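Engineer: Provided below are the primary sequence and the corresponding predicted coordinates.
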Amino acid sequence: MPTAEQGIRCVILCQSLTNTFTPIFIVRLDEQTGNVFILAGDNIEIEIYRNGLWRFL
């Protein structure tokens with residue numbers, strides 16, 4: 001299960017992506033690390049950590 005911080009951050013990031021008409025292909029929880037992974041657009045990869053912080057990969 002994702003944390004509340006991850007859920008909020010995921011919604012914010014997905015909204016930002018769709019506001020620019022960037023398609024979102026995958027939103028997945030990595031069960032080993034507990035991080036959320038987003039694959040969007042031509043080559044956008046985002047990882048959201050359990051504490052809600054995130055980074056581009």
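Structural biologist: Ah, there it is.
Engineer: distance of the residue sitting nearest the centre point of the chain from residue 48?
Structural biologist: Nearest residue to the geometric centre of the chain (CA atoms, centre = their mean): residue 38, 4.0 Å. Residue 38 is 7 Å from residue 48, where distance means CB to CB, to the nearest Å. In short, each C-beta sits where N, CA and C put it, glycine included.
Engineer: got any residues that touch both of those two?
Structural biologist: Counting by CB atoms under 8 Å, 6 or more residues apart in numbering, the shared contacts of residue 38 and residue 48 are 10, 13.
Engineer: which residue ranges form the strands in the chain?
Structural biologist: 24-29, 36-40, 44-48, 54-56 (DSSP state E).
Engineer: could you check the pLDDT of the residue nearest to residue 30 when sequence neighbours are not counted?
Structural biologist: Leaving out its chain neighbours, the residue that sits closest to residue 30 by CB to CB, 6 or more residues apart in numbering is residue 37, at 5.9 Å. Listed pLDDT for residue 37 reads 98.
Engineer: isn't residue 37 up against residue 25?
Structural biologist: No - between residue 37 and residue 25 there is no contact under CB atoms under 8 Å: 10.8 Å.
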